[in-house]
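Q: okay, predicted coordinates and the sequence, questions at the end:
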Amino acid sequence: MLFQPVYCIHPTASTTLSMNRITLLFLVMLPIAMPGAERVDFNRDVRPILSDACFQCHGPDKAKRKGDLRLDSAEGKKALVPGKPAESELFKRITSTEKDEMMPPASSGRKLTARQRDVLKAWIEQGGEWQAHWAYIVPKRPELPKVGRPDLAKHPIDSFVIDRLLKENLRPSPAAPKHTLIRRLSLDLTGLPPTPEEVEAFLKDTSVDAYEKLVARLLRSQRFGERLAYDWLDVARYADSNGYQQDRTRTSWPWRDWVVRAFNDNKPFDQFTIEQIAGDLLPAATTDQKLATSFHRNHMLNGEGGRVAEESRIDYVVDRVDTTAAVWMGLTLGCARCHDHKFDPFSQKEYYRLFGYFNSIAESGSVDKGGNANPVMRVPTKEQEQTLFNSTRTIAELGPVVTATAPKATPADLQRAALLGLSRRPSVLIAEAILRPSPAFEDASIALAKARKTLDDTNKAIVEVMVMEDQPKPRDTFLLIRGTWDQRGEKLTPGVPELLGKLPKDEPANRLALAKWLMSPENPLTARVIINRYWQMLFGMGLVKTTEDFGVQGEQPIHGELLDWLAVEFRESGWDLKKLLTTIVTSNTYKQASKVTVEAIERDPDNRLLARAARFRVSSHSLRDQALFVSGLLVDKPGGPPVKPYQPPNIWEEMSFNQIRFQQDHGESLYRRSLYTFWRRTVGPPNLFDTATRQVCVVKPSRTNTPLHALTTLNDITYAEAHRVLAERMMKEGGDTPARRIAFAFRLAMSREPSTAESKVLTSAFERIHKQYEKDRPAAEKVVLQGEKVRDAKLDAIELAAYTGVASVIMNLDEALTRE
Amino acid sequence: MNPLHQARLLHSRRQFLGSASYGLGTAALAGLFGNEAIAQSPKPVGGIPGLPHFAAKAKRVVYLMQGGAPSHIDLFDHKPELYKRRGEELPASVQMGQRLTTMTAGQKNRPLLPGITGWKEYGKSGIKLCDFLPHTGSIADEAVFIKSMYTEAINHAPAATFLLTGAEIPGRPTLGAWLSYGLGSLNENLPTFVVMTSRDKEASCGQLFYDYYWGSGFLESKHQGVKLRSEGDPVLYLSNPAGVSREMRRGLLDDLAKLNQMKLDEAGDPEIATRISQYEMAYRMQMSVPEATDLSKEPKSVLDLYGPDVTRPGSFARNCLLARRFLEKGVRYVQLFHAGWDQHQNLPTQLKVQCQDTDQPSAALVKDLKRLGLLEDTLVIWGGEFSRTVFVQGDAKAKTYGRDHHPRCFSIWMAGGGVKAGSSYGETDDFGYNVAKDGVHVHDLQATILHQLGIDHTKLTFKFQGRHYRLTDVHGRVVKGLLA
């Protein structure tokens, strides 16, 4: 195999403007990064240059290292004379124009810019010291900066942000209006907008802690767990089918519900982690803790003919290693599957030592348990558990009753029975067959048979979920040469990368030790990586923009101290996620307005300095939820098997050549949150766009703006129906004039009143469409029949159709689609 | 105009259209955007600075992917030696312990099976093609036949993924996505990257086409292929909801644009300008896509060129004609997938049927492009993900037998777009088992395709997870011998 597989894939947020943005950002950063003006910082200024241009041949990969020179560590000093660039081999090479001398060589396709050469020159002049990569050093709680304007920085987060803004001669934005704040918070923390009543109550609440009370209410909502679970499902590559050619249905949804519960219960993040990686190995593990381990059974399963099962099994173990590295460590370890990492100091050997932890699952590599693969665990629902308990008890109680009330057979009866050919049956059955049973016996036997059937049926209906469970004798782990499943090299024991601390000595080398190591205070990465993703959720971009890569090729954070402060805070709080989120959203940095000014966009187009709040389009799953919620269609019921709402015909059929047929659900199932939509791995829900494919782990959402999205939110039946039902609400609940009804929909969708100008555009739109439908009643009749929700026949079709048109405009407004 | 946008507008014509559209007045809009002159605008929109790296020979590509793996030994690569050795065991010295699939790894004998049909010579080069490919023969002077392709993967999905993305594991951008990212769009009314699928009428071949075959991987999702459907809306959600006329939609979009413009003036976010323009493009697509897929104005002579199957929605023939229409309207990259070649057990019957499905339409597309003067800057590629074994799978004396997967060599052809027309390239050994001369690795093919589009394959990169990724990974070379 020639390639290092890429397991953690996500589309990037960069745009066609990215070149421009880079230039502008560079201008922002210039005062700090300018060599000479200030001290060159190895990690911030030098390593990115060396890593990108030199590490390929002068980095951690021993096999590919040239000239016995490595520049990723202080061993590189031999290429420099500190203080004297002109005498340093490194500087001579990067300034040479000789074909055989110049570095990087032409064949590499890399070139240093004049500025990059200046940075390296200044660095050598200043002594040419190496520093360890920032992310591999355990974060310590930084002191809060003394801000020039203490009035602006009462919150710790604000201290870091304001301090930097002032140094850049920038000012923060004013606070966002209250209606914006409540909508922002509700969307961020629950994935749904607030109701107009909630907005009203918040606007009226003038108490000092009104905002904090709002935050607490939202964190208590069942919808909070659903909101956070969605992103976790992307990370966990969760789907309801296996992927690949057969793409059989699996039953992992009880694990999805476990995730929702865990977030709602505010399970401390260390436990949340340990249970998912090694819940089965905890002492006296509960069913729930074992269920949690389904996290690492969420990968795809290949049931293709012609597959070697062991080859598949190796793929699954690799997926677990790469996913663990991406989710908790922010590392692209997948590169080390086939060779030593080119940029980060991780060897191929270390990769397979990590592999060792996941190598002993009692699995065969085939799809050997229906659509699931062993090992599986039966996960009864609460009701099923109750039923099992009840029917078992009934059976236990009724057994003796039946025996006691059974008519006794006399020797003559037995003789008769023998003649009937029944002599081999137990006496009770003989009695049933030939004697006249008493009513008590009859009742008891019927009840007993019923209880037995209930027990049987319930047992059959209990869902099986794939979980992790080690086989009694661990498998041997080998380094796999070039990552090929059957090319075994050196035999290895499980272990963690040397650079990142050690495992507790007296613990067995199993997944539990690994999970504890991930969450130990000595681990430099986990806390930073996790809080960075929650920052990304709330600010649209992580403090480390490269959420997927904290390695040397990743971004050095602009607000590194803030990142460390939050990481330590999170860890020391006992990994209290709700507390962390509360801390972030109660900062003025979060509460700023998102309005973009000319100055701001010129200075800092990507808002890396946080002089304003983020403004971004809501994810497509939230857009669908919002449409259902605003129209009143949403069925806010938690958990259970996945549902199959509307989907255009032939999507699954075309994909699978008619092997897999889509059968749409009806009623409530059409209106559940997108979290519960059945996810077929080969072809995801077609009306969700910019979404993770759920094939491999994705830690960063994509956010693009295309005509196909517009077509979806204008024309998909899900939306067309929501627009029609919203129009019904406008007519029934919105008052008696078009302007009032429009204002009502505005409040529902955008948590505010329309301006006079906005109202005017929409009322005249209403009048225009109304006239159009007056001329074409049959068209109006069609509009009001959109979707399966029965139409309110009392409402006039023409008027309702006209309001439906208006509702479609309101729901497609940029502001309605956007979290401001 | 808000001064905020001006800097950005210079960089993005798309945004220009978006913002300008509102100022132009709504009456003018429909006419302006329905204008074909814009559709065929030669100036690309989007793309990255500095591309193309050098003058391009081709502006567009159509890839006629033959899923399931057509057999080189039966179709393109005439091997006299095999006819002498029919039924003999494949010598171990030729196989050299190479991996077989689990389907034939356990088979006791591996008797050699020569091509199952006769052969004819075609064109100036006198290339020999099997009897089932007369139409392909008729364009022999337009094409270069590569007989020395080879790949890494032995199963379909990894091999197809490798061919289209440069890696066997799903998740990297596909060729079409790279082109959309690098070169941008040639039209304002249609997607840059269009995908169509078809399968053999008998449904003999189980090859599925996964959406990552046209995915954008770590590039922005706007670069992914838009798959056209053969039933219902050609593009998902293209039609207005029942009861909403085009005229009414126009009015509503004007209202929407007015309100969004107010928001843009207030909030200043350039993303709003982009959103306005994307809604406009959605509206234009509602017209341009049905227009492009409407074959009613194609003259009978053209329909006849593609053969009788052209009237059947979802057929390969129809997709070939649709491909031409999209290319003509400025779509950068059209990817066709046809499933039908996975002949493990049904070679005697299915080889002929598959040739009937694909031979005439493929050749017709080349001829049709030539007729319209588009062939010279359109690169047409025909081929599968690998080939089939020279030894028989099953029992050659029975009615049902076939050939197993073979990645060590396979044949494809390319036409137009600056290739060396009327030639063949590379050779396999006497057994048709290994490449004997001028091997073309999948990465070499990818490098060569990019080269024809004016792209240095080592320079079209995207940094992701700390690494500069490219279509050809760290390999690939431009095969000059394939080029005119």
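A: Here it is on my side, so go on.
Q: share the number of residues neighbouring residue 233, please.
A: Because you didn't say which chain, this covers chain A. Counted by other Cβ atoms under 10 Å in any protein chain shown, the residues lying close to A:L233 total 22. Bear in mind the C-beta positions are built from the backbone N, C-alpha and C, glycine included.
Q: let's do chain B instead
A: By other Cβ under 10 Å, the residues close to B:D233 number 16.
Q: got the phi/psi numbers for it?
A: The phi and psi torsions at B:D233 (degrees, to the nearest 10) take the values phi -60, psi 130.
Q: from what I see, it and B:S239 are in contact.
A: Yes: the criterion here is Cβ atoms under 8 Å, and B:D233 meets it with B:S239 at 5.3 Å.
Q: let's verify the nearest residue to B:V226 once chain neighbours are set aside: helix, strand, or coil?
A: Take B:V226 and drop its neighbours on the chain: the residue closest to it by Cβ to Cβ, 6 or more residues apart in numbering or on different chains is B:P191, 4.0 Å away. At B:P191 the chain is in coil, as set by DSSP: H, G, I helix; E, B strand; the rest coil.
Q: residues near B:P191, how many?
A: Other residues within reach of B:P191 by the criterion other Cβ under 10 Å amount to 29.
Q: again with the one 3 residues further on
A: By the other Cβ under 10 Å criterion, the neighbourhood of B:V194 contains 27 residues.
Q: so where does it fall, helix or strand?
A: B:V194 is part of strand B:193-199 when elements are defined by DSSP states H and E.
Q: give the contact list for residue 58.
A: Just going to use chain A. A:H58 makes contact with A:L50, A:R65, A:K66, A:G67, A:L69, A:R70, A:L71, A:D72, A:G76 under the criterion Cβ atoms under 8 Å, 6 or more residues apart in numbering or on different chains.
Q: wait, chain B
A: Neighbouring residues of B:A58 by Cβ under 8 Å, 6+ apart: B:D377, B:T378, B:L379, B:G416, B:G417, B:G418, B:Q452, B:L453.
Q: about what we covered before: can you lay out the contacts of A:H58 as CSV showing secondary structure and neighbour count?
A: Shown next, in CSV, are the contacts of A:H58 (DSSP: H, G, I helix; E, B strand; the rest coil; neighbours: other Cβ atoms under 10 Å in any protein chain shown):
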residue, secondary structure, neighbour count
A:L50, helix, 22
A:R65, coil, 16
A:K66, coil, 11
A:G67, coil, 10
A:L69, coil, 16
A:R70, coil, 22
A:L71, coil, 23
A:D72, coil, 23
A:G76, helix, 18
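Q: in a markdown table: those, plus pLDDT and distance to chain B.
A: Listed next are the contacts of A:H58 as a markdown table, based on pLDDT from 0 to 100; distance: Cβ to the nearest Cβ, whole Å:
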| residue | pLDDT | distance to chain B |
| --- | --- | --- |
| A:L50 | 88 | 13 |
| A:R65 | 85 | 16 |
| A:K66 | 86 | 15 |
| A:G67 | 84 | 19 |
| A:L69 | 88 | 20 |
| A:R70 | 88 | 17 |
| A:L71 | 87 | 16 |
| A:D72 | 85 | 13 |
| A:G76 | 87 | 19 |
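Q: domains of chain A?
A: Here the domain parsing of chain A from automatic domain parsing is A:18-130, A:150-222+A:585-615, A:223-377+A:472-523, A:381-461, A:617-703, A:715-819.
Q: check the offset of the longest one from the chain's centre.
A: It refers to domain A:223-377+A:472-523. 16 Å (Cα atoms, centre = their mean, to the nearest Å).
Q: and A:S221, how far from A:D636?
A: Computed as Cβ to Cβ, to the nearest Å, the A:S221 to A:D636 distance reads 10 Å.
Q: cool, and A:R740?
A: For A:R740 relative to A:D636 (Cβ to Cβ), the value is 27 Å.
Q: which of the two has more residues huddled nearby?
A: For A:R740 versus A:D636, neighbours defined as other Cβ under 10 Å are more numerous around A:D636 (15 against 12).
Q: who touches the residue nearest to B:A421 when sequence neighbours are not counted in this structure?
A: Residue nearest to B:A421 in three dimensions, not counting chain neighbours: B:E142, with 5.1 Å by Cβ to Cβ, 6+ apart. Going by Cβ under 8 Å, 6+ apart, B:E142 touches B:V366, B:K370, B:L375, B:A415, B:G416, B:A421, B:G422.
Q: switch the cut-off to 10 Å
A: B:123, B:363, B:366-367, B:369-370, B:375, B:380, B:413-416, B:419, B:421-422 (Cβ atoms under 10 Å, 6 or more residues apart in numbering or on different chains).
Q: off-centre distance for stretch A:81-98?
A: The answer for stretch A:81-98 is 47 Å, by Cα atoms, centre = their mean.
Q: doesn't A:A135 make contact with A:G551?
A: Yes: counting by Cβ atoms under 10 Å, A:A135 is a contact partner of A:G551 at 7.2 Å.
Q: and for those two, which residues touch both?
A: A:M329, A:G330, A:L331, A:D344, A:L525.
Q: on that earlier part again, export the domains of chain A to CSV and tack on distance to B:V440?
A: Output for the domains of chain A, formatted as CSV (distance: least, Cβ to Cβ, whole Å):
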stretch, distance to B:V440
domain A:18-130, 22
domain A:150-222+A:585-615, 43
domain A:223-377+A:472-523, 23
domain A:381-461, 56
domain A:617-703, 30
domain A:715-819, 44
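Q: between these, which one is nearest to B:L183?
A: Closest of the domains of chain A to B:L183 is domain A:18-130, at 15.6 Å (criterion: Cβ to Cβ).
Q: before we move on, back to that, among the contacts of B:A58, which lie within strands?
A: Assignment to strands by DSSP state E places the following of the contacts of B:A58 there: B:T378, B:L379.
Q: what is the nearest of the contacts of B:A58 to chain A?
A: The closest of the contacts of B:A58 to chain A turns out to be B:L453 (Cβ to the nearest Cβ; 18.1 Å).
Q: get me the contact residues on the stretch 251-400 of chain B for chain A.
A: B:251-256, B:258-264, B:266-286, B:314, B:339, B:344 (Cβ under 10 Å from any Cβ of the partner chain).
Q: where's the residue nearest to B:A421 relative to chain A, distance?
A: 32 Å (Cβ to the nearest Cβ, to the nearest Å).
Q: and whichever residue of the stretch 151-300 of chain A sits closest to chain B, what are its phi and psi?
A: The nearest approach of the stretch 151-300 of chain A to chain B comes at A:Q245, 5.8 Å away (Cβ to the nearest Cβ). When read as degrees, to the nearest 10, the backbone of A:Q245 gives phi -60, psi -50.
Q: what is the burial count for the spatially closest residue to it that is not a sequence neighbour?
A: Nearest residue to A:Q245, sequence neighbours excluded (Cβ to Cβ, 6+ apart): A:E304, at 4.8 Å. Applying other Cβ under 10 Å, we find 15 residues neighbouring A:E304.
Q: my read: A:E304 touches A:R248, true?
A: No: counting by Cβ under 10 Å, A:E304 sits too far from A:R248 to count as a contact (11.5 Å).
Q: mutual contacts of those two, please.
A: Here A:E304 and A:R248 have A:V367 as joint contacts, going by Cβ under 10 Å, 6+ apart.
Q: enumerate the residues of the stretch 251-400 of chain A near chain B.
A: Within the stretch 251-400 of chain A, the positions lying close to chain B (Cβ under 10 Å from any Cβ) are A:300, A:302, A:304-309, A:311, A:315, A:318-319, A:326, A:331-332, A:334-335, A:341-344.
Q: so which bits of stretch A:156-172 are buried?
A: Neighbour counts over stretch A:156-172 (16 or more other Cβ atoms under 10 Å in any protein chain shown) mark A:156-166, A:168, A:170, A:172 as buried.
Q: just give me the closest of those residues to A:E555.
A: Set against A:E555, the nearest of these by Cβ to Cβ is A:R164 (15.9 Å).
Q: tell me the contacts of the closest one?
A: A:I32, A:P145, A:V147, A:L170, A:I558, A:H559, A:E561, A:L562, A:R608, A:L609, A:L610, A:A611.
Q: thanks again, I'm all set now.
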